[in-house]
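# Below: sequence and its predicted model.
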Amino acid sequence: MSKIRNILFVCTGNICRSPMAEAMMRCRLKRIGQDHLCDIDSAGTQAYHVGDAPDHRTLKLCYENGVNVDGLSARVIEPKDYEHFDLILGLDKGHVEFLKEHAPAGKDHKIGLFMEYAGHGTLDVPDPYYGDIEDFIQVFEMVSRGTESLLNMIFDTHHIIVEDKC
């Protein structure tokens, strides 16, 4: 089976929500032996943390739950991302608006709201950056549900069942 999707997750600074989604999606794909199918990445809308590792609370939750975040570093979305990725998912409505405003002509059809695309309505994944670990746990649980649903939706036509939890 050839690569079926290139997915980019986007949040503000690319240190909390989007790297969590990237790492979790990669983990899910690897656990079912399908990591060769997709190119998964993440980016931010702002250059606040370019080159930085994910937030220490994101790292803590990911490591505690067996989700590998090694090697991830923050970056900003670039024009070439609109060409390369089949699906560009903002973690909240503000990101979707930003992405659509900056999309090259004819590329805005690739942009969507993460939780809506994953079948969970028009929920924003809240930014936990200024919160405490409980806020990060809430986001981790939302991203976990969202990535599981998204992966099942993507693989539905290929009859691949995703049950492993990340």
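That came through fine.

# all strands of the protein, in order?
Using DSSP state E, the strands of the chain run over residues 5-11, 38-44, 87-90, 111-113.

# tell me which residues in the second one are buried?
Right, strand 38-44. 38, 40-44 (16 or more other C-beta atoms under 10 Å). All C-beta spots, glycine's among them, are computed from the backbone N, C-alpha and C.

# Report the angle between it and strand 5-11.
Orientation check (axes from the mean of the first three to the mean of the last three C-alpha atoms, to 10 degrees): strand 38-44 against strand 5-11 gives 20 degrees.

# mind starting the numbering at 37 from now?
Noted, 37 is the first residue going forward, which turns the last one into strand 74-80.

# okay, residue 196: pLDDT?
In this model, residue 196 is scored at 54, pLDDT.

# try residue 155
At residue 155, pLDDT is 85.

# how close does it get to residue 47?
20 Å (C-beta to C-beta, to the nearest Å).

# So which of these two has more stuff around it?
residue 47 (29 against 12; other C-beta atoms under 10 Å).

# so who does the more buried one touch?
53-54, 78, 80-81, 126-128, 131, 161, 163 (C-beta atoms under 8 Å, 6 or more residues apart in numbering).

# if you set the cut-off to 6 Å instead, what comes out?
Listed by C-beta atoms under 6 Å, 6 or more residues apart in numbering, the contact set of residue 47 reads 53-54, 127.

# CSV for those, including distance to residue 97, pLDDT and neighbour count?
Below are these laid out as CSV (distance: C-beta to C-beta, whole Å; pLDDT from 0 to 100; neighbours: other C-beta atoms under 10 Å):
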residue, distance to residue 97, pLDDT, neighbour count
53, 12, 99, 34
54, 14, 99, 33
127, 16, 98, 29
